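Visitor: Model the structure of this input:
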Amino acid sequence: MDFLTLLFIAFALAIDAFAVSLSTGAYLVKADGRQTFRMAFHFGLFQFLMPIIGWAGGTSFSSLIEAADHWIAFGLLSVIGGHMVWNAFRNEEEIQKKDMTRGWALISLSIATSIDALAVGLTLSMIDVQILLPALLIGVVAGLMSFVGIRLGERVSRSIGNHMEYIGGIILILIGVRIVLEHLSLI
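Guide: Here you go, the predicted structure:
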């Protein structure tokens, strides 16, 4: 597989990570360097590891992965997005904004945005492509796009204001819905 094709695949896989990072940056309003690094690093790491796991799984696990991957991504994104929407309607004094770049929230977002990379790794194993270069390229592109997304999101939040938490939550839910609709071949 040529480098340009791999680069297009990497960008396509990183779009969800970019969108989630954009929403997270907007939600946080002012992401510090550590938060930005954590999100970009984890998204890049998971996007790097998932194709390797898919490739190693080969065809023996393909039916199990394909049967549930879209529902897992939808569930994770919907729960986190729903929490953001819920917080948007609550009084500012009664909520403590959750740092989406830490703990289970970060792990859940990392898994949700990289499940499609697992399927790509599986596909690459079926067409006998070595996995290291594609996985590395996918991880680096996802990390860079996540970095740009979180920084851009905080700029958008400053201009839009308090409604960004609601908008960010809706975006996460819509990404989950899009994943399910694509899998069901409805879009």
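Visitor: okay, now the residue nearest to Ile80 when sequence neighbours are not counted: neighbour count?
Guide: Nearest in space to Ile80, with sequence neighbours left out and distances taken as C-beta to C-beta, 6 or more residues apart in numbering, is Leu172 at 5.8 Å. Any C-beta I mention is one placed from the backbone N, CA and C, and that applies to glycine too. The tally of other residues near Leu172 (other C-beta atoms under 10 Å) stands at 28.
Visitor: ok, and Leu172, which helix or strand is that part of?
Guide: With elements delineated by DSSP states H and E, Leu172 resides in helix 164-183, which encompasses its position.
Visitor: Spit out the contact partners of Glu154.
Guide: The contact partners of Glu154, taken as C-beta atoms under 8 Å, 6 or more residues apart in numbering, are Gly25, Ala26, Leu28, Val29, Lys30, Ala31.
Visitor: Keep only those of these that are in helices.
Guide: Judged by DSSP state H, the subset of the contacts of Glu154 located in helices is Gly25, Ala26, Leu28.
Visitor: Redo those as CSV? Include pLDDT.
Guide: Below are these laid out as CSV (pLDDT from 0 to 100):
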residue, pLDDT
Gly25, 85
Ala26, 80
Leu28, 78
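Visitor: top of these by neighbour count?
Guide: Gly25 (30 neighbours).
Visitor: Closest to Val180 out of the contacts of Glu154?
Guide: Ala26 (23.6 Å; C-beta to C-beta).
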